[in-house]
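Below is the sequence, then the predicted model.
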Amino acid sequence: MQFDDSKYGSRNKRGDWKPYKLSTNIPFFDWPFSLTKNLKWLLGIPGYIVPWTFFYGLIAVILWVYFTPSIETLKNFNFNWFFYLLIRNLIITIVCAGGLHFFLYIKKTQGNAFKFNAKGMEKNNKNFYFKDQTLDNIFWTLCSGVPIWTAYEAFSLWAFANGYFLGLEWNMHPIYLGLTFLFLPLFREVHFYFVHRLLHIPLLYNFSHYIHHKNVNPGPWSGIAMHWFEHILYFSGTLIHFIIPAHPVHAVFQLLHAGIGPLFHGHIGFEKIQIGKIGIDTHSHAHYLHHKYFECNYADGAIPLDKFFGTFHNGSDESQEKMLERYKIRMKKMRSTQ
């Protein structure tokens, strides 16, 4: 049974779907401050913790406990355990991205319900390697994205094992380390925003970021389909543990969140994914608009950085007009300097 997406949004003549609900930031920054709204955002179902932060946290704990070498082993770098981590991360990515692509884009289990762009992935398009958007995305994800993710993870675990990163034990600091799981996704968004704005500088955009933006209509494999230089910047957030105390599981969590988070959010192409009779929000519309228009929503939407810097597009006609006006002003300035 497919959901009736007309209750949640409208569809234009091309078949593209747009949600009625506008994109918002977390209520912490709203004024006047509302404790009720913030508790609902944090503890509600769905909310900040459930389902997605819990989902990534649970996977990270399982990986740390069962599928990561011991601290003693990690003290001495060895290509054997590096390749073990690489294969582990490749399997995770293939299962997640491949599974989403198979069910949503090949088997089409929910048809076009909640799908922003009615079109499928590009084929016979010279802009992509192999003239195929999906194969191009798979290439950049598996040949660049996952190896660089793994390199950062291997370095982070080695640094924790040898005391270069500030490490704490769970039995001594359980509350702090538990709250760190809640802090890191928000830090990752701030890190992502400034890296993302940097990559939109023309020199860096033309060198690297254009690879990712070929995906005007992104799919699950588009999430970390980036140039190697962008991957180096994108995954570098884990270096915060030079100054922020944590536990090695947090490095696993942070990099997992960066590695597979974009597959489920922002690039999946659907605002909701249907599992049985349950529709799970992916919160993807804001970042979809960034891929569609380039000029807005450089952050993921939780922290109002785009509001602060005047680039927020919440999906409304008013935001659309403001974005077009910014674009006209920018183009006018560019012409005047030529």
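Sure thing, it's come through.

Settle this for me: F270 is touching Q110, isn't it.
Yes: counting by C-beta atoms under 8 Å, F270 touches Q110, with 7.4 Å between them. Bear in mind the C-beta positions are built from the backbone N, C-alpha and C, glycine included.

Compare the two and say which is more crowded by neighbours.
F270 (27 against 20; other C-beta atoms under 10 Å).

which residues sit in contact with the more buried one?
104, 110, 113-116, 282, 284 (C-beta atoms under 8 Å, 6 or more residues apart in numbering).

residue ranges with poor pLDDT in the chain?
1-2, 334, 337-338 (pLDDT under 70).

Give the other helices and strands that the biggest helix by length in it contacts.
The longest helix of the chain (DSSP state H) is helix 174-199. In terms of contacts (3 or more C-beta pairs under 8 Å, 6 or more residues apart in numbering; DSSP states H and E), helix 174-199 is packed against helix 228-234, helix 248-264, helix 305-309.

Which of those has the highest mean neighbour count?
Most buried of the helices and strands packed on helix 174-199, by mean neighbour count (mean count of other C-beta atoms under 10 Å): helix 248-264, with a mean of 24.

need the next SSE after that helix, C-terminal direction.
Going down the chain from helix 248-264, the next helix or strand is strand 272-275, by DSSP states H and E.

Outside of that next one itself, list whatever touches it.
Counting by C-beta under 8 Å, 6+ apart, residues outside strand 272-275 touching it are 2-3, 5, 8, 100, 104, 109-110, 113-114, 264, 279-282.

what's the neighbour count on E325?
Based on other C-beta under 10 Å, the number of other residues close to E325 is 10.

picking that back up, out of the contacts of strand 272-275, list just those in strands.
279-281 (DSSP state E).

for stretch 159-172, how far is the first residue from the last?
20 Å (C-alpha to C-alpha, to the nearest Å).

contacting residues for G219?
Contacts of G219 (C-beta under 8 Å, 6+ apart): 101, 104-105, 121, 133-134, 137, 267-269.

circling back: output the helices and strands packed on helix 174-199 in TSV; the columns should cover distance to G15.
Output for those, formatted as TSV (distance: least, C-beta to C-beta, whole Å):
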stretch	distance to G15
helix 228-234	31
helix 248-264	23
helix 305-309	28
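
do you know how far L289 is from L22?
Using C-beta to C-beta, to the nearest Å, L289 is found at 11 Å from L22.

Output stretch 63-71 as CSV - backbone C-alpha positions only.
Written as CSV, here are the backbone C-alpha positions of stretch 63-71 (Å, rounded to 0.1, in the frame of the first residue of the first chain):
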residue,chain,number,x,y,z
LEU,A,63,30.7,-1.4,14.7
TRP,A,64,32.9,-0.4,17.6
VAL,A,65,32.1,-3.4,19.7
TYR,A,66,32.1,-6.2,17.1
PHE,A,67,33.7,-4.9,13.9
THR,A,68,36.7,-2.7,15.0
PRO,A,69,40.1,-3.9,16.1
SER,A,70,41.0,-3.6,19.8
ILE,A,71,42.7,-0.6,21.2
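
Pull up the overlap in contacts between L289 and L22.
With C-beta under 8 Å, 6+ apart as the test, L289 and L22 both reach G315.

The two: which is more packed in?
L289 (23 against 13).
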